[in-house]
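Quick one, fold the following:
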Amino acid sequence: FFSRAMADAKNLQKEIFSKYYLKDIVKGKEIITTIKNSENIQDVLQKMDKNKITSCPVIDSRTGRYLTITSVSEIVVGVLLGPLLSAFDGKKEDDKFTEKDLAAVLQKADLDRPIGTVLGLTSESKYLQVFLETTKMPTVLSSFSNGVHRALVLRNAEKGPGIGSGPPCYFSQTDCAIFIRERIKEERAKFGQASLVAAISHVPIHIMGKIKQMNESLVSVREDETALVGFLKLLRFKVRSDWSLGALPVLSKDGKGKIVGTLSASDLRGLTQDEIHILLLPVSDYLKYQYGKVRTPVSITLKTTFGDALDKILDNHVHRVWIVDENEKAVGVWSLTDAIYQFTTEAAK
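The predicted structure follows:
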């Protein structure tokens, strides 16, 4: 059954997805916020917080061309976490850092310097993924299944970034996933149970492949460890891992491995120089400070179907769901990248 469904998914990409161009999907979408590479770091962080965004495109202040897409996490890595590790390399355990240590690093950080000085610190910002609006969706899905999280779409453009008659817009992994879900619904409405494409929705994720399962070396943070410890773990993990999670599961302090929350790069949004000390709060208290509560983690099991897992991600406005066992212990993760991958030619081989 599964092999037939995957074969049909391949046909779906060729026969149905190929009928769609990005211009069909991005109608009405526009970039709301952009920054110039000459703007200072503090102003950029405040602008991101004001607009409730975690990333935005960067424009060359001289040429007007789009350079890259930067994020809150990249900025904090550039001005604080990276320098902190460099300054105390091997001299202190992560849980021994003090407010004085943070202040010393920030004092040298110079948040009035241009944002351009901290670009290119993450793999995603080292290059700018750009699509013309005439790009067919199979090409787009392939790129996003390989770790691209967001891209610029140029309207009526024939040359490079910044050249086009209409305002460019964002296109993200979430947009890809919504596109896939809508096509599955359409197939189900047309053909009902006869549609093997729609039948993929009923396949448990554990037999679909590309599931990131964790073992005893699970990289996580306990709820009673400091937020700084968690973010430093995340930074080190992303450097040496091909997961590119951008998040860690927050586990109960009783040592039973129950997942009680999520700490992600987006939780750095809104962090100002005056509030840097809150990084030394326990993770649970840090998240309560940021959001008023520790938000319930979104989870699934290995028996959860593809359709239900995709719904959980999209309906909860997250980028990943944690896979838990019967004791709610984290055993893996399933992300938008994994979902999109199932509708590429690579998955159908």
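
Spit out the contact partners of the residue nearest to L310 when sequence neighbours are not counted.
The shortest distance from L310 to any non-neighbouring residue, by CB to CB, 6 or more residues apart in numbering, is to A339 (5.3 Å). (C-beta placed from N, C-alpha, C; glycine too.) Going by CB atoms under 8 Å, 6 or more residues apart in numbering, A339 touches A177, I180, F306, A309, L310, I313.

and after the helix or strand containing the last one, which helix or strand comes next?
Secondary structure from DSSP states H and E places I313 in helix 306-315. In the C-terminal direction, the helix or strand that comes right after helix 306-315 (DSSP H and E) is strand 320-324.

what about the strands in the stretch 201-349 of the chain?
212-213, 221-222, 247-251, 259-264, 299-300, 320-324, 330-335 (DSSP state E, counting those that start in this stretch).

Out of those strands, flag the one nearest Q290.
strand 259-264 (10.3 Å; CB to CB).

Dump that closest one to PDB, keeping only the CA atoms.
The C-alpha coordinates for strand 259-264 follow below in PDB (Å, rounded to 0.1, in the frame of the first residue of the first chain):
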ATOM      1  CA  ILE A 259       8.400  16.800  27.600                       C
ATOM      2  CA  VAL A 260       6.900  19.900  29.200                       C
ATOM      3  CA  GLY A 261       7.700  22.600  26.700                       C
ATOM      4  CA  THR A 262       9.800  23.800  23.800                       C
ATOM      5  CA  LEU A 263      12.700  26.300  23.700                       C
ATOM      6  CA  SER A 264      13.300  27.700  20.200                       C
END
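
now it and strand 320-324, what's the angle there?
Relative orientation of strand 259-264 and strand 320-324, computed by axes from the mean of the first three to the mean of the last three CA atoms, to 10 degrees: 150 degrees.

List the contacts of strand 259-264.
Contacts for strand 259-264 (CB under 8 Å, 6+ apart): 221, 223, 227, 230-231, 234, 246-252, 283-284, 287, 294-299, 318, 322, 324, 328-330.

export the contacts of A339 to CSV and tack on distance to R65?
Formatted as CSV, the contacts of A339 follow (distance: CB to CB, whole Å):
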residue, distance to R65
A177, 29
I180, 32
F306, 40
A309, 39
L310, 36
I313, 33
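
among the residues you listed, which two are most distant?
So, the contacts of A339 by CB to CB: farthest apart are I180 and A309, at 12.1 Å.

follow-up on the earlier one: of the strands of the stretch 201-349 of the chain, which is nearest V153?
For V153, the closest of those is strand 330-335, at 22.1 Å, according to CB to CB.

Just the buried residues out of the contacts of strand 259-264, in PyMOL syntax.
Buried members of those, defined by 16 or more other CB atoms under 10 Å, are picked up in PyMOL with:
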select buried, resi 221+223+227+230+231+234+246+247+248+249+250+251+252+283+284+287+294+297+298+299+318+322+324+328+329+330
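
Report the contact partners of the nearest residue to V229 once chain neighbours are set aside.
Leaving aside its chain neighbours, V229 sits nearest to D94 (4.7 Å; criterion: CB to CB, 6+ apart). Neighbouring residues of D94 by CB under 8 Å, 6+ apart: T226, L228, V229, L232, K233.

Could you point out which residue ranges in the stretch 151-300 of the chain have low pLDDT?
Applying pLDDT under 70 to the stretch 151-300 of the chain flags the ranges 156-166, 193-194, 196-197, 209-218, 237-245.

So which residues of it form helices?
All helices of the stretch 151-300 of the chain, identified by DSSP state H, counting those that start in this stretch, fall at 173-191, 196-199, 227-240, 283-291.

I'd guessed A330 sits against V250; true?
No: under the criterion of CB atoms under 8 Å, A330 makes no contact with V250, lying 9.4 Å away.

shared neighbours, those two?
Shared contacts of A330 and V250, defined by CB under 8 Å, 6+ apart, comprise S220, I259.

Where do the strands of the stretch 51-200 of the chain begin and end?
Assigned by DSSP E, counting those that start in this stretch, the stretch 51-200 of the chain shows strands spanning 55-59, 66-71, 130-132, 150-154, 169-172.

All good on my end, thank you.
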